[in-house]
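Enquirer: prediction below, plus the sequence it came from.
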Amino acid sequence: MKKLLIIAVLISSIHLFGQDRTIKVDFNKSSGKINTMFKECIGAGRANEGLRADWQQQLAMAKKECDFKYIRFHGLLSDDMAVYREDSKGNPEYNYQYVDVLFDFIVSLKMKPFVELGFMPNALASGSETIFWWKGNVTPPKDYKKWEDLIRNLTAHFTERYGVEEVKTWYFEVWNEPNLTPGFWTGTQAEYFKLYDYAARGIKDVNKDYKVGGPATAGAGWVPETIEFAAKNNVPLDFISTHTYGVNQGYLDEFGTYGTVLSPDVNSISGDVINSRKQITNSVKPNLELHYTEWSSSYTPSDPIHDSYHSAAYILQKLKQVGNAANSMSYWVFTDIFEEAGPRFTPFHGGFGLLNTQGIKKPAYFSYLLLNKLGETELQNTDKASWAAKNAKGDFQLLFWDFTNTHPGDKVWNQTYYVKDLPSKEKGKVKIEIEGLQKGKYILEIYKVGYKSNDAYADYLAMNKPNKLTRDQVNSIKVKNNGAPVATEKISIDSKGTFSKEIKINENDVFLMNFVKQ
């Protein structure tokens, strides 16, 4: 009995103080090309926000530092983009001035649009129900033929402006979260499928090789049903898209007024993605691409976990767990220039963005910045919370983290928990052991994200959470949280090709070790 008690105490003390972990990697043992699904796509609020100078500046920076390939947003067809109206006789009139300004900018960054087709232009809508401060119309079209004609005309315009070969690389996604009724869609599932059918026909009329898909549902819904509908009715379907968030309370918080609790399920996010992939594999269209066109820790635009340092490790943990199940995981969203609940009145308000409204980099931003430093070849690695990679120049990268869900549980909302100063506890040491390195001199850069390290929100808390930041305050937060290495050292690797190092790690710390060959 005494022995059992001692063992139990030992186990609990290991649990309490963290167990040392070892990451062993051989530079010569590759597992193939790295899967870059994490940076294939990024979200943004709505098309009209993309006409703003500050939005465009932030996207240019995110592209340069994180290398996102595609961008997806709502409201392309909403009235603030001035795409559609009808003359006195009911004849459609099309106008793409604003669309061109936005798409020209996206293409100029060497990015591509993941074209979400929504919401309904008021002149084409069958009703007046809207969503959000900016009033996106969520009703079915009054005339499905006119809807098809609009989509065909828009697709033909894209083709004329950007060329067939370019538009072939785009994705056309029909609507957003039609399973949230009355939120994003006042029609039935059958009416959504009809909307999809007419849109797909319009796109394929322009070019049969253009990619169209859906159902862009909340909560990973309608995947088997969409495939079944497309197969039975011979409707084109090139990819599945859907969404998932890491809280348990629901799917939509239109004005950011609800409370949420971070899911304690270790397989939240990844469980949905892996299940969607299974649903596709077991269907009559087993080879469809799977795009998660929205995901994040929380679906509300007022959730302080988005601002917290916990987010950085959370993002990496979930992406690692997803593995090869998805073709893209589009984080929702890149910036707090995001007006679903109306323009926000404070610099940090739990907004979805990787960047706040002033372009301050949140801890979440650095997950993507560090992922983008990984080389093109992944190395074999059994550790569950790290990536090891190398590039053609002989540089080596190891990105590793601790994700610990410290949330106290159902009785406490994220909105009261993550707004506090939350010091991280020690989790022991990580022992790094690398073999097979090429002989020679290296610069070792060590980057860190965690509590008070590239943690802009901690600096905002230390300022007593002012409702407005002065120019000097913004600059001081940006300078302090600029993602520069926390340490740089010169190292020599001898003919044995080995390197080892121990690093102390705390809860929700993220580290990147970058060996740059000289």
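Expert: Received, thanks.

Enquirer: measure Y258 to Q415 for me?
Expert: Y258 sits 9 Å away from Q415, going by C-beta to C-beta, to the nearest Å. Any C-beta I mention is one placed from the backbone N, CA and C, and that applies to glycine too.

Enquirer: between those two, which is the more surrounded one?
Expert: Per other C-beta atoms under 10 Å, whichever of Y258 and Q415 has more neighbours is Q415, with 20 against 17.

Enquirer: what's stretch 28-38 in contact with?
Expert: Stretch 28-38 is contacted by residues 319, 322-324, 326-329, 368, 371, 374-381, 387, 389-390, 435-436 when judged by C-beta atoms under 8 Å, 6 or more residues apart in numbering.

Enquirer: out of these, which sit inside strands?
Expert: S328, M329, T377, E378, L379, W387, A389, K390, E435 (DSSP state E).

Enquirer: I'd say the third one and W387 touch.
Expert: No - in this structure, T377 is not within contact of W387 by C-beta atoms under 8 Å, at 11.2 Å.

Enquirer: who's more crowded, these two?
Expert: Using other C-beta under 10 Å, the more surrounded residue of T377 and W387 is W387, with 24 against 15.

Enquirer: need the helices for the stretch 351-500 of the chain, in chain order.
Expert: 363-371, 414-417, 456-462, 471-480 (DSSP state H, counting those that start in this stretch).

Enquirer: try the stretch 201-350 of the chain
Expert: Ranges of helices within the stretch 201-350 of the chain are 223-233, 270-281, 310-322, based on DSSP H, counting those that start in this stretch.

Enquirer: dump the helices of the stretch 351-500 of the chain into CSV; add distance to D272 and mean pLDDT as well.
Expert: Formatted as CSV, the helices of the stretch 351-500 of the chain follow (distance: least, C-beta to C-beta, whole Å; pLDDT from 0 to 100):
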stretch, distance to D272, mean pLDDT
helix 363-371, 19, 98
helix 414-417, 19, 94
helix 456-462, 27, 97
helix 471-480, 34, 97
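
Enquirer: out of the ones you listed, nearest to T186?
Expert: T186 sits nearest to helix 414-417 of all these, at 29.5 Å, using C-beta to C-beta.

Enquirer: please write out the alpha-carbon positions of that closest one in CSV.
Expert: Output of helix 414-417 as CSV, limited to C-alpha atoms (Å, rounded to 0.1, in the frame of the first residue of the first chain):
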residue,chain,number,x,y,z
ASN,A,414,-13.5,32.9,-21.4
GLN,A,415,-14.7,36.6,-21.2
THR,A,416,-13.8,36.7,-17.5
TYR,A,417,-10.8,34.3,-17.5
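
Enquirer: ok, residues contacting that helix?
Expert: By C-beta under 8 Å, 6+ apart, helix 414-417 touches 247, 259-262, 298, 302-305, 350, 407-408.

Enquirer: and the two most separated of those?
Expert: The two members of the contacts of helix 414-417 with the most space between them (C-beta to C-beta) are S302 and P408, at 19.4 Å.

Enquirer: selection in PyMOL covering whichever of the contacts of stretch 28-38 are buried, please.
Expert: To isolate the buried ones among these in PyMOL, judged by 16 or more other C-beta atoms under 10 Å, type:
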select buried, resi 319+322+326+327+328+329+368+371+374+375+378+379+381+387+389+390+436
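
Enquirer: in this protein, where is pLDDT below threshold?
Expert: Along the chain, segments meeting pLDDT under 70 span 1-19, 250-256.

Enquirer: any idea which residue sits dead centre in it?
Expert: By C-alpha atoms, centre = their mean, the chain has its centre lying nearest to Y331, at 0.9 Å.

Enquirer: gap between that residue and F239?
Expert: Distance, Y331 to F239, using C-beta to C-beta: 18 Å.

Enquirer: ok, M81 - contacts?
Expert: Neighbouring residues of M81 by C-beta under 8 Å, 6+ apart: A47, N48, G75, Y98, V99.

Enquirer: how about a cut-off of 6 Å?
Expert: A47, N48, Y98 (C-beta atoms under 6 Å, 6 or more residues apart in numbering).

Enquirer: show the backbone phi and psi for E93.
Expert: phi -130, psi 130 (degrees, to the nearest 10).

Enquirer: from here on, call the first residue 231.
Expert: Sure thing, new numbering starts at 231, so read that last one as E323.

Enquirer: burial of it, as a residue count?
Expert: The burial count for E323: 10, using other C-beta under 10 Å.

Enquirer: once you drop chain neighbours, what's closest to it?
Expert: R315 (5.1 Å; C-beta to C-beta, 6 or more residues apart in numbering).

Enquirer: likewise for F388?
Expert: The spatially closest residue to F388, leaving aside those adjacent along the chain, is V397, at 5.2 Å (C-beta to C-beta, 6+ apart).

Enquirer: give the buried residues for stretch 629-639.
Expert: Along stretch 629-639, these residues count as buried under the neighbour rule (16+ other C-beta under 10 Å): L629, F630, W631, D632, F633, T634, N635, H637.

Enquirer: quick check, nearest of the residues you listed to Y522?
Expert: Checking the buried residues of stretch 629-639 against Y522 with C-beta to C-beta, the nearest one is F633 at 18.9 Å.

Enquirer: number of nearby residues for the nearest residue to the closest one once chain neighbours are set aside?
Expert: The shortest distance from F633 to any non-neighbouring residue, by C-beta to C-beta, 6+ apart, is to Q547 (3.8 Å). By the measure other C-beta under 10 Å, the count of residues near Q547 is 23.

Enquirer: got it, and L699?
Expert: Neighbour count of L699, defined by other C-beta under 10 Å: 20.

Enquirer: for the closest residue in space to it that isn't next to it in sequence, give me phi and psi.
Expert: Take L699 and drop its neighbours on the chain: the residue closest to it by C-beta to C-beta, 6+ apart is P577, 4.9 Å away. With angles defined as degrees, to the nearest 10, P577 sits at phi -70, psi -30.

Enquirer: wait, P577 touches T700, no?
Expert: No - in this structure, P577 is not within contact of T700 by C-beta atoms under 6 Å, at 10.6 Å.

Enquirer: and these two? Which one has more around it.
Expert: The residue with more neighbours, out of P577 and T700, is P577; 23 against 10, by other C-beta under 10 Å.

Enquirer: that older thread, show me the one of the helices of the stretch 431-580 of the chain that comes nearest L691.
Expert: The closest of these to L691 is helix 540-552. By C-beta to C-beta, the value is 13.9 Å.

Enquirer: and that closest one with helix 500-511, angle?
Expert: Interaxial angle, helix 540-552 versus helix 500-511 (axes from the mean of the first three to the mean of the last three C-alpha atoms, to 10 degrees): 30 degrees.

Enquirer: ok, now how distant is G432 from F469?
Expert: G432 is 17 Å from F469, by C-beta to C-beta.

Enquirer: so which of the two has more stuff around it?
Expert: More crowded of G432 and F469, by other C-beta under 10 Å: G432, with 23 against 20.

Enquirer: which ones are touching that one?
Expert: Counting by C-beta under 6 Å, 6+ apart, the residues that G432 touches are E378, I381, R382.

Enquirer: helix, strand, or coil at the second one?
Expert: The reference is to I381. Of the three states, I381 takes helix according to DSSP: H, G, I helix; E, B strand; the rest coil.
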